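**Q** this one's structure only:
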């Protein structure tokens, strides 16, 4: 038996003893050392995640170490080797998989969402879903997956040098988009209601930040000489930011939706045509996005620690989601074992 944290019901988390998973061919037993909590975990805790059936072990932002390997696993997976988890599944046969876009698999089951996650002493995973890494500080391994989601949106939006980019929302996914866009050579205007998150966005390279409750369109027009931004990246998931992204994009611009609105969104669709916009969704991340984030974290070193707001010991993990619920300005809560 192993110790795992479960979200039992709305606003209730509790440790349980659960069966140790068997280890099959091609699989690796991973000792979970660091795990970041995601907005999806918080929504599950609040009873707002329609994709989750309770009880559920949350957690998909995982850094760990190899405890045991199954038959046929590559020799590089030595006992004690550090790994980053890619928490998505792919069926290999749906239209997305056939196109090579495994991140958008129709039948994906993300750890902690459609299946139990990693907030446990250990987890068994296919070796193909693990990235070996001995260069990052262990705590930073848990930052790779959430930042990769933002980097993927930047790639979807074809962000490049000289682009002016608006990132709506400076949560962890938005921060990944900000960091990724700056790394691609773009200038970034970022919006959020939190002054603390706006300050952090500037620390990570945003040229300008705007209170999301202010006149964002006026600020963008002033910043771009009335043109609008080349790329608008939505990382909030509210109807008003979905439509705002269309307003902020320039003629012949691009819009990328990372968040998803839980309420219907009403558009004046004429701007889709008049501006001839490219409007795209962005889901999860690819192995290339993970590798790009790892390279970037290796470059910025200790600066990455500013992304972590609060660390809980594993034995105190029952307190982590209630803490985040009461401290919504926190960017990333990490559990350490």
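**A** Everything's here; your move. Note that the coordinates shown come from a computational prediction; the quantities given were computed from them, not determined experimentally.
**Q** for the spatially closest residue to residue 330 that is not a sequence neighbour, give its distance to residue 140.
**A** Closest residue in space to residue 330, ignoring its immediate chain neighbours: residue 309 at 3.9 Å, by C-beta to C-beta, 6 or more residues apart in numbering. The C-beta positions use only the backbone N, C-alpha and C, and glycine is treated the same way. According to C-beta to C-beta, to the nearest Å, residue 309 stands 14 Å off from residue 140.
**Q** and what of residue 22?
**A** 31 Å.
**Q** so the two - more neighbours on which side?
**A** residue 140 (26 against 9; other C-beta atoms under 10 Å).
**Q** thought that one was touching residue 304?
**A** Yes: assessed by C-beta atoms under 8 Å, residue 140 is found in contact with residue 304 at 5.3 Å.
**Q** shared neighbours, these two?
**A** Residues touching both residue 140 and residue 304 (C-beta atoms under 8 Å, 6 or more residues apart in numbering) are residue 297.
**Q** so what's the gap between the helix-or-strand element of the chain with minimal mean pLDDT and the chain middle?
**A** None of the helices or strands of the chain scores lower by mean pLDDT, DSSP states H and E than helix 39-45, at a mean of 93. Centroid displacement of helix 39-45 relative to its chain, using C-alpha atoms, centre = their mean, to the nearest Å, is 13 Å.
**Q** and what of stretch 139-154?
**A** Per C-alpha atoms, centre = their mean, the centroid offset for stretch 139-154 relative to its chain is 6 Å.
**Q** list the buried residues for it?
**A** 139-154 (16 or more other C-beta atoms under 10 Å).
**Q** just stretch 231-242 next, same as before
**A** 231-238, 241-242.
**Q** now stretch 173-189
**A** Applying 16+ other C-beta under 10 Å to stretch 173-189 flags 173-184, 186-189 as buried.
**Q** cool, and stretch 92-105?
**A** So for stretch 92-105, counting by 16+ other C-beta under 10 Å, buried means 94, 96-97, 102-105.
**Q** need the distance between the two termini of it.
**A** 8 Å (C-alpha to C-alpha, to the nearest Å).
**Q** state the mean pLDDT of that stretch.
**A** For stretch 92-105, the mean per-residue pLDDT is 97.
**Q** tell me where this protein has helices.
**A** Using DSSP state H, the helices of the chain run over 39-45, 95-98, 144-156, 172-183, 195-203, 216-224, 239-248, 270-274, 287-300, 320-326.
**Q** contact partners of the first one?
**A** Translated: helix 39-45. With contact meaning C-beta under 8 Å, 6+ apart, helix 39-45 is reached by 7, 10-11, 13, 49, 51-52, 54, 56, 58-60, 110, 112-113, 117, 171-173, 321, 324-325.
**Q** got it, and stretch 188-195?
**A** 164-171, 174, 178, 181-182, 198, 201-202, 205-213, 216, 219-220, 223, 229, 328-329.
**Q** and those residues, which are buried?
**A** 164-171, 174, 178, 181-182, 198, 201, 206, 208-210, 212, 216, 219-220, 223, 229.
**Q** about what we covered before: which of the buried residues of stretch 139-154 lies closest to residue 274?
**A** Nearest to residue 274 among those is residue 153, at 24.2 Å by C-beta to C-beta.
**Q** what's near enough to touch the nearest residue to that closest one once chain neighbours are set aside?
**A** Nearest non-adjacent residue to residue 153, counting by C-beta to C-beta, 6+ apart: residue 282, 4.0 Å away. The contact partners of residue 282, by C-beta under 8 Å, 6+ apart, come to 149, 152-153, 156-157, 256-258.
**Q** one more time with 6 Å
**A** By C-beta atoms under 6 Å, 6 or more residues apart in numbering, the residues touching residue 282 are 152-153, 156, 256, 258.
**Q** and for residue 121?
**A** Residue 121 neighbours (C-beta under 6 Å, 6+ apart): 2-3.
**Q** apply 8 Å and report the result again.
**A** 2-4, 31-32, 314, 337.
**Q** ok, residue 136 next?
**A** 82, 144, 294, 297-298.
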